[in-house]
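1. here is my input; please provide its structure:
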Amino acid sequence: MSWIYEDKPFSDEQSEDYFGFVYIITDLDTEKKYIGKKFFTKAKTKIVNKRKKRTRVQSDWLDYFGSNKLLIEEVKNKGQDKFRREIIKLCKSKGECSYWEAKLQLNMTFYIQIITITIG
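-> This next block holds a predicted model:
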């Protein structure tokens, strides 16, 4: 199952100009949503000429289903095809990823509270 961006599959080649992304994973049965961020690369330290050298290598973003333990368990139980993985925002820096993740989480929480107050 691939990531979706602007209603189209997102490929590895499209990630080259970005540091990471903010995503929403939706459980298609319950419509429950999980918001998070993921980086396209991760830091790695190699020993070169007896010195430590920092480099970046591709992360596991292609297969990633979040870090939430409940979500990971649900994916195992139901199967990946029961979830939609959608990239909401492509980001050029770590800070931009953090900003948009927090903003979307706060907006979603506010939206849920408004619906609860209106209905309840």
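2. what about the closest residue to Glu96 other than its chain neighbours, distance to Glu74?
-> Ranked by CB to CB, 6 or more residues apart in numbering and with sequence neighbours excluded, the top spatial neighbour of Glu96 is Phe19, at 7.4 Å. (C-beta placed from N, C-alpha, C; glycine too.) Remark: distance between Phe19 and Glu74 (CB to CB, to the nearest Å) = 28 Å.
3. what of Ser59?
-> 22 Å.
4. re earlier: Phe19 and Glu74 - which one has more neighbours?
-> A count of neighbours by other CB atoms under 10 Å puts Glu74 above the other of Phe19 and Glu74, at 21 against 18.
5. in contact with the more buried one, which residues?
-> Neighbour list for Glu74: 27, 83 [criterion: CB atoms under 8 Å, 6 or more residues apart in numbering].
6. hang on, it in a helix?
-> Yes. Assessed with DSSP: H, G, I helix; E, B strand; the rest coil, Glu74 lies in a helix.
7. all helices for this protein, in order.
-> 69-78, 94-119 (DSSP state H).
8. considering those, which stretch scores lowest in mean pLDDT?
-> For the helices of the chain, mean pLDDT drops lowest on helix 94-119, to a mean of 75.
9. wait, Asn68 sits on Tyr34?
-> Yes. Here Asn68 reaches Tyr34: they are 5.8 Å apart, a contact under CB atoms under 8 Å.
10. pick out whichever of those two has more residues nearby.
-> Tyr34 (19 against 13).
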